[in-house]
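>>> the following block contains a protein sequence and its predicted model.
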Amino acid sequence: MKRRIAKLTGPRTFKFFEEDLPELKPDEILLKMVSVGLCHSDIPAYMGTSAMGRNPLGYEDVIKPLYPMGIGHEPTAVVEAVGKAVTKFKTGDWVTGVTSECMETHKIIREDERILRVPEMDQPFDCCLGEPMMCVANIVQAAAPSFGDHVAVIGCGFMGLLTIAGLKNECLGSLTAVDLMDGRLTMAGEYGADHTVNPAKEALNEAMMEITKGKGFDVIVEITGSLKGLASALSISRISGRGKILLPSMYTKNEVFTEEMAYHMMYRSPILHVVHPWYCEDYMDTLEKAVDAYKKGIFPTDRLITHRIPFEEISRGFELLENNPEEYVKGIIVFD
């Protein structure tokens, strides 16, 4: 049996490879890909600036891309075969989770990898992107707003909109969405934001003063991946060291940390919490909760997927991801 693989052979350059699948080991399962989400964290590798790998000491680190290089880590798949020692999965199971280099028609993984069997549900399975939904569940758990807190989400792309849906709670003082695109702010209002602010059209600080009665936001999720977004977060955080800013994004742009940001960081003294999913308290438990949130309609993942791109057109998918036009929220690569 053969599989078809898309790999980067240089910056912004994909090439398809075909190879024979090896025989399954006793503890392995064979996945047939259904869809793979396009994630902004793959952009540095796609552009050829950096990638995650191992340093000479064997630790995970930032490295220069080594070509040819696989990409993609947000799969939904069907179990096509299992090794003789596998007990958690059976042929025909629908699964989701996280595994690296999954832009391929078939992939072999170990049974103990971070993959979860998906229960029956009414929602489309190809939108059940366990990895990003788990990331958002981790953000919501880490945010842990208290009764009456004023909460802001800066950046209303796919992850920001899911975060708003997850944070929506009658016990909050307010939930505010901040973005430069009016269309995404409209969506934010539909998914639970009480207030929306476009800093290109109104002063963010003035909006903060009005919404929070001059106190500043208690909890802020800064999810733009830009230091400009972080600067905004620092400027509207609660004064006197009781504010919390969550940072789930990768800051890979060549931007400057300004003097104004330094002053806000010093005198507002917020808690800066980097929220990487690998370091959540219990990855598989959080993944299961995230999938359940999708099943219950709490996470509107299927409604946020704006583009389904055939596997053979993967280059077009990454061009959309890089350029991020206003009509784009989330794309998935789909397989036959």
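Received it, and whenever you're ready, just let me know what you need.
>>> contacts only, for I309.
Each residue near I309 by C-beta atoms under 8 Å, 6 or more residues apart in numbering is listed here: L38, R316, G317, L320, G331, I332, I333, V334. For the C-beta atoms, the positions are set from N, CA and C on the backbone; glycine is no exception.
>>> which element, helix or strand, includes the fourth one?
Per DSSP states H and E, L320 falls inside helix 314-323.
>>> name the residues that touch that helix?
6, 12, 14, 38-40, 42-43, 46-47, 103, 307, 309, 328, 331, 333.
>>> so which of the residues you listed sit within strands?
For the contacts of helix 314-323, membership in strands holds for A6, F14, H307, I309, G331, I333, with DSSP state E as the criterion.
>>> will you turn the contacts of I309 into TSV that also has pLDDT and neighbour count?
Listed next are the contacts of I309 as TSV, based on pLDDT from 0 to 100; neighbours: other C-beta atoms under 10 Å:
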residue	pLDDT	neighbour count
L38	98	27
R316	98	14
G317	98	23
L320	97	17
G331	98	22
I332	98	21
I333	98	27
V334	98	18
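>>> quick check: the farthest pair among those?
Across these, the longest distance by C-beta to C-beta is 13.8 Å; it joins L320 and V334.
>>> among the contacts of I309, which one sits closest to D292?
Nearest to D292 among those is I332, at 20.5 Å by C-beta to C-beta.
>>> the closest residue to that closest one other than its chain neighbours: which element?
In space, and not counting its chain neighbours, I332 is closest to S35: 4.5 Å by C-beta to C-beta, 6 or more residues apart in numbering. Using DSSP H and E, the element containing S35 is strand 28-37.
>>> check T76 too.
strand 75-82.
>>> over to F147?
Here F147, judged by DSSP H and E, is contained in no helix and no strand.
>>> near E170, how many other residues are there?
Neighbourhood size, E170 [other C-beta atoms under 10 Å]: 4.
>>> how many residues are close by L204?
L204 - counted by other C-beta under 10 Å - has 19 other residues nearby.
>>> tell me how far it lies from L180.
L204 is 11 Å from L180, where distance means C-beta to C-beta, to the nearest Å.
>>> next, name the residue at the spatial heart of the protein.
For the chain, P132 is the residue whose C-alpha lies nearest the centre (C-alpha atoms, centre = their mean; 3.9 Å).
>>> that one falls within a strand, correct?
No. Under DSSP: H, G, I helix; E, B strand; the rest coil, P132 sits outside any strand and is assigned helix.
>>> per-residue confidence at it?
For P132, the pLDDT comes out at 96.
>>> quick check, it in contact with M159.
Yes. With contact defined as C-beta atoms under 8 Å, P132 reaches M159; the gap is 6.3 Å.
>>> output the below-cut-off pLDDT ranges for the stretch 51-200 of the chain.
The model of the stretch 51-200 of the chain has no residue with pLDDT under 70.
>>> apply 80 and report the result again.
Counting by pLDDT under 80, the stretch 51-200 of the chain shows low-confidence ranges at 53-55, 58-60, 170.
>>> what segments of it are strands?
Here the stretch 51-200 of the chain has its strands, by DSSP state E, counting those that start in this stretch, at 51-54, 60-63, 75-82, 94-97, 106-110, 115-117, 150-154, 174-178, 195-197.
>>> turn those strands into TSV, columns for mean neighbour count.
Shown next, in TSV, are these (neighbours: other C-beta atoms under 10 Å):
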stretch	mean neighbour count
strand 51-54	14
strand 60-63	12
strand 75-82	22
strand 94-97	24
strand 106-110	19
strand 115-117	20
strand 150-154	27
strand 174-178	24
strand 195-197	20
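>>> M284 is nearest to which of the ones you listed?
Of these, nearest to M284 by C-beta to C-beta is strand 115-117, at 6.8 Å.
>>> endpoint to endpoint, stretch 229-249 covers what distance?
Using C-alpha to C-alpha, to the nearest Å, one end of stretch 229-249 lies 11 Å from the other.
>>> could I get the buried residue list for that stretch?
229-238, 243-249 (16 or more other C-beta atoms under 10 Å).
>>> how is this structure divided into domains?
2-118+306-334, 132-278 (automatic domain parsing).
>>> out of those, which one sits most buried?
Burial of these is given as mean neighbour count (mean count of other C-beta atoms under 10 Å); domain 132-278 ranks first at a mean of 19.
>>> any idea how far apart the tips of stretch 75-92 sit?
End-to-end distance for stretch 75-92, by C-alpha to C-alpha: 16 Å.
>>> that one: how far from the chain's middle?
Centroid displacement of stretch 75-92 relative to its chain, using C-alpha atoms, centre = their mean, to the nearest Å, is 25 Å.
>>> one more: stretch 114-133?
14 Å.
>>> can I assume the residue nearest to I332 is in contact with W94?
No. S35 sits out of contact with W94 when judged by C-beta under 8 Å, with a separation of 11.3 Å.
>>> just put the domains of the chain in TSV and tack on distance to A290.
Putting the domains of the chain into TSV (distance: least, C-beta to C-beta, whole Å) gives the following:
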stretch	distance to A290
domain 2-118+306-334	9
domain 132-278	4
